[in-house]
Structure formats: C-alpha cells, structure tokens
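Asker: 3D model of this:
(one chain, ligands or ions: 1)
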Amino acid sequence: IFYERFEDLPVQDFDFIVVGGGTAGNVVANRLTEDEKVRVLVLEAGGSDKDAFNSHVPLYGRRLQGSQYDWNFTTTPQAALNNRSIAYPRGFIIGGSSSINLMVYTRGPSEDWDRMARVTGDSGWTWRSIQPYIRKNERFVPPADHHNTAGQFNPKVHGFDGVNSVTLSGWQYSSDPRVMEAITQTNGEFPFNEDMNSGFQLGFGWTQTTVGNGTRSSSATSYLGSKYISRNNLFVLLHAQVLRLKQTNTASGVANLAIRGVQFTQDAGSTTHTLKASKEVILSAGSVGTPTILMHSGIGDTNELAEVGIKPLHNLPSVGKNLTDHPLLALLYNVNTTDTPDDILRNATLAEPFERRWNETRTGPLSSTQGRWLGWFRFNLSLPVFGGTPDPAAGPNSAHYEIIIGNGAGNPPPTGHFLALTIAIVAPTSTGGLTLNSSNPLDHALINPNILDTNFDLAAMREAFFAVNRFAAAPAWDGYILSPTVNITDNNLNDFIRANTGVIWHPVKTAAMSAKGADYGVVDPDLRVKGIAGLRIVDASVLPFIPTGHTQVPTYIIAERAADLIKQTYHLA
Ligand SMILES: Cc1cc2nc3c(=O)[nH]c(=O)nc-3n(C[C@H](O)[C@H](O)[C@H](O)COP(=O)(O)OP(=O)(O)OC[C@H]3O[C@@H](n4cnc5c(N)ncnc54)[C@H](O)[C@@H]3O)c2cc1C
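Answerer: Residues are numbered from 1 along each chain as shown. Sure, this is the predicted structure:
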C-alpha cells in the first residue's frame, strides 16, 4: 500500500527496508513480499506517478527531463566538452528512472554478462545463468497497432509471462522501410539483425521498448501494479528522502560493523525519523543516490570524507569512483515529409486529437516512442586514429558504438521535420567520479562522468560520425533526407563534437561489484557491502563495467537475481 506520511504507517517493524522505489528497488520489494511472512518497507524520495501524464504516454517521455519528476542534477564542468555542465536527469518519482527514461529495452551482448561473471568470480552472472531472470522480468506483448511482427523480433529469445511489458513500435512511419532498404544498400557495413536481444547484438534491428497497451511499463506500473501493491506485507512510503544509514551494533571493529538503520526526512530535514530492519537494508537509490547516501553515512574514502567534515565509519575507497556513462551525439537531418511527430511535439493544438485518441484507445502516434531502430557496430581498431588502444569492448562480438534512428527531433525547433541519427559510444574508456560537496545530505553531490576525456572516446565519436554519414548517403534516403541541419567538415568536426556531445544517462560503477576478497570494489558478487553486515546494494551502481547497451534491463536482471539471493539467505518462499 502507498503511504504519503510516516505517521500513517500502521507498523514500524520491517524485515527489509528498501531505500529507493526505483527500477531495482521495486523489483526487490515485489519479490520479497511474495513470502507473506516477510514485511518490506520501501522509502522513496519522489511522489506518485498517478497524475504524471507524460510518464505514461510513450511519445512524451522526453518531457519528464527537467520536470518535477526529475532530481534535476547537473554535472560538473566537463573539460572535454568546452567546460559545459550538462543536465543529468534521474527519476524523482516512484519507479525512479524507469518512470522517466526513454523505454529502450536492451539486454546487452552475452559477452557483457560473461565478462561480469569472469571478473567477479561468480558464474551466476553469466549470460546463461541470467536467462531465468530475463524471463521473470519480461512480458513481451503485441504492439499497440497489432501489426504483423514476423521478422521484426525472434520470439524464441523472449519471455511472455514476466512482469514488465516489452513490445515493438505500435505506430509506423515512412522512414521505417527506408531504413531496411539502406541496410541492404550499404554493402554489409550495417547488416540487419532480427533480434539484438538474443545475446548477439551486432547489426541494425527494430527497437524494443518497455511499453504495453500503448503505455509506459515502469517498475512502478509493473512490479507495484495493483495486484502487488495490495499485499498487506508491502509498504511504500513516498516523499521520504533517506539522509543516512545508521550503524545498529555497538561493537567496534570493521568485521562486526552492522548497518540496518535508516534515517530519513519528509520535510527537507526539519523532522527526521529512524527505522531499523530486522534482516537487511537494501540500498537501491541508483548510481547517484546510492554512493551519496553511503558517503553521508561515513562509508567511502576515509580521507575524502574527513575533508568534507563527515565522520568516517568504514573505509571503502571505491565508493563513488569510476562513474562512467555513454557519450551521446544527435545528428539531425531535414526531411522531405511531414510524417514525423515533430508537429505533435511542438504544437498542443495539433496534438489534441492524438491525445484524445490515446486517452480513448491507447493507440496512435502517442502510443510509441520516437526510437525506431538501433544499430550496434564495431570499429577497425587497427586504424591509426585509435592509437593502439586495447579493445575496450566486452568481447569480439560486442559493439563500440550505437546508432539510434529516431523519427523527429527530440525537442523540435519551431519549424521543420527531422530524422535523428544519434550516436552513442557504448564502449567508452573515460571514467569520472562522484564526490560530496558538503556534509549536508540534502545538497546535490558533485557528478563528473568525465565525458570524452580519452583520445579513444573522441576518436570513436569522429569515426562513428563518418559511419553515420555513410549510412545517410545510401540511395534509400534519396528524396527523403534533404540535408544535415548543420554543415560539418572534417576540419570543424572536433569543435562540433565538443559543443554538442552529451550523455545518454546511463551512469554506473559508483558502488561496483568485485570478487569476494578483492581489495577494490564496494559489493561482493552477492551484492553485500564489503565488511558490513545487514546492507546490500541493488541498482545500476553495482555494475562493474558499463553495459554495451542501455542500462534499465541490466538493472532489472540484477534486481531479479538479487531478490533470489536474498531469499536464499533467509530461506524465504
Ligand atoms: C532520461 C533518461 C533516459 C533513459 N533512457 C533509457 C532507455 O531508454 N533505456 C534504458 O535501458 N535505460 C535508460 N535510462 C537509464 C535507466 O533508466 C537507468 O539505468 C535505470 O533505470 C537505473 O535504475 P536504478 O534502480 O539504478 O535507479 P533509479 O531507477 O533511478 O532508482 C533510484 C530511486 O531511488 C530514489 N532515491 C534516490 N535517492 C534517494 C534517497 N536519498 N532517499 C530515498 N529515495 C531515493 C530515486 O528517487 C529513485 O526512485 C535512462 C535514464 C534517464 C534518466
């Protein structure tokens, strides 16, 4: 049941307290409360998604950025991006970032998972081992327009009985068949892949999204859907911002440190409450929230904490380190058609009939995202431009860059119709970090993804730019693409990249998993915090490498397995 005020909670003793009702946190809360004897409290800083219209309409997904449902973080000035600070959205709403993201569904290549298993020494993370968790999460459903999807995905590699809806686009645009034509015309450089979620990702395929019945499927709409939230052992307290974790034993010495207490506020710190879990606290506040809470609790690099006036409790220098994200560069092309969502996105009057249609039938252009196709490709690393960098990819079948084909501009200017060919570098080598600005847990942390810091990442962006130009030059686009919206030559390309690159909002690694006994990392492969009893981390921050794909599905998979690991520990049903 959802609660708005601490005073309304009917009980105060819980087996588990989940910090953050986001993508991962709601999975854990759902699975643990399958056992009726277990009582779970979720503390979520944001509010309800009920009236968040833009969160439910797939086409309007971008409108959540910068809204009341966003934490509205910004990065520190990014040296390689002309010192620009860029917006760093994270969901401030039940469902977390799954309620504000762009819904792309990618599991990454099998090599991502096998590398994670290898490095952490836990075979439970291999591609083969995680298959049951993919199935527990995924419910593949027909698209909103019920078109024939034969050849657009491979049903053999999908789950149809999970909790979280996944589908193909339910609205077709005239650009779509041209993509297929361009694929066949580009001499095998950009091959077709029927299903990038099979474990083999390379090539172009149709975008799969976390949408069902023309509506966003978030961890809130799915894992906290009506049949689960009505459980009388599941309690979700909204508007509850966790400030710190609290030690719950008094014995000194790291080996005995136990943390099962949580201090939180519902009124920006005027009043605080402290609750204790009898079994575990599960930290699921995301790649920004989780290291921030750890550090304010005295868990992190002891010297750095002392510098901002925080009393160190437990030295774990990897907390907040190695923050990594995917650099993103959108290339817009003017097109010779009005069959794009640009008009709907910029003009409320033109949007009105489509909104009515969506309200009545959950169909039409609002039922789908702008993302049409995704392509995953590798560079020839022997090119001098890469300067001998060892292959940063997870393996020989894992991509270095991604091309996202979107219909229409993300934020359309007042006139024009567009095709967006957006580049993401999915095997970046730059890493940054997250540190505290002050000892006040209500202050935002300093977030530095250090985008394009390395020569490899800049060279990769340049090469991907040339690749996109080759794809856009295919005859299939004759009469459709009129021109790029900006004139870029080899000479001004670096300037263009530095002035326009952003991120795709996939921060990871800030509380990374490492092998048991490793002298780095924050959690063991079973996601328990190293050297602390009673505390686990379950969210994107534990990923030890940035996925070769978008991060929500890896997060869901980690959360599904984490729930199983917790159940095993306590012999739960
Ligand atoms: C704009 C945007 C677009 C994206 N697009 C895609 C996409 O298309 N496909 C994809 O795969 N991935 C996408 N991602 C990334 C993906 O959504 C995230 O990687 C994933 O959702 C992270 O899940 P999480 O559980 O780690 O964190 P979150 O889902 O962010 O959950 C963290 C939760 O903790 C809460 N919280 C934080 N601090 C506190 C605190 N102190 N007290 C209480 N609660 C707290 C937050 O409010 C939030 O609800 C996108 C992300 C963004 C922001």
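Asker: does residue 462 belong to a helix, a strand or coil?
Answerer: helix (DSSP: H, G, I helix; E, B strand; the rest coil).
Asker: show me where pLDDT drops low in this protein?
Answerer: Scanning the chain for pLDDT under 70 picks out the ranges 251-255.
Asker: excluding its backbone neighbours, what's nearest the residue in it that the ligand sits nearest to?
Answerer: As assessed by C-beta to the nearest ligand atom, the ligand sits closest to residue 22 within the chain, at 1.8 Å. In short, each C-beta sits where N, CA and C put it, glycine included. Closest residue to residue 22 apart from its sequence neighbours, by C-beta to C-beta, 6 or more residues apart in numbering: residue 96 at 2.1 Å.
Asker: these two touch, right, that neighbour and residue 223?
Answerer: No: using C-beta atoms under 8 Å, residue 96 is not in contact with residue 223; the gap is 11.3 Å.
Asker: please enumerate the shared neighbours of these two.
Answerer: Listed contacts common to residue 96 and residue 223 are residue 26; contacts here mean C-beta atoms under 8 Å, 6 or more residues apart in numbering.
Asker: who's more crowded, these two?
Answerer: residue 96 (34 against 28; other C-beta atoms under 10 Å).
Asker: what's the closest non-adjacent residue to residue 521?
Answerer: Nearest non-adjacent residue to residue 521, counting by C-beta to C-beta, 6+ apart: residue 514, 2.6 Å away.
Asker: now the one you found: how far from residue 372?
Answerer: Between residue 514 and residue 372 the computed distance is 38 Å (C-beta to C-beta, to the nearest Å).
Asker: repeat for residue 431
Answerer: For residue 431, the distance to residue 372 - C-beta to C-beta - is 31 Å.
Asker: which one of these two has more residues nearby?
Answerer: With neighbours defined as other C-beta under 10 Å, residue 431 and residue 372 compare such that residue 372 has more, 22 against 17.
Asker: could you find the closest non-adjacent residue to that one?
Answerer: Sequence neighbours aside, residue 405 is the residue nearest to residue 372 in space, at 5.0 Å (criterion: C-beta to C-beta, 6+ apart).
Asker: right, and residue 386 touches residue 456 too?
Answerer: Yes: under the criterion of C-beta under 8 Å, residue 386 makes contact with residue 456 at 6.2 Å.
Asker: contact partners for residue 346?
Answerer: Going by C-beta under 8 Å, 6+ apart, residue 346 touches 412-414.
Asker: highest neighbour count among the residues you listed?
Answerer: Neighbour tally across those (other C-beta under 10 Å): the maximum, 19 neighbours, falls on residue 412.
Asker: now do the contacts for the closest residue in space to that one that isn't next to it in sequence.
Answerer: Closest residue to residue 412 apart from its sequence neighbours, by C-beta to C-beta, 6+ apart: residue 342 at 4.1 Å. The contact partners of residue 342, by C-beta under 8 Å, 6+ apart, come to 408-409, 412, 416-418.
Asker: of those residues, which is the most crowded?
Answerer: Using other C-beta under 10 Å as the neighbour criterion, residue 408 leads those with 27 neighbours.
Asker: do stretch 448-460 and the ligand meet?
Answerer: No: with C-beta under 6 Å from any ligand atom as the criterion, the ligand is not reached by stretch 448-460; the gap is at least 12.6 Å.
Asker: now the strands for the stretch 51-200 of the chain?
Answerer: Taking DSSP state E, counting those that start in this stretch as the test, the strands found in the stretch 51-200 of the chain are 73-74, 87-88, 138-140, 164-168.
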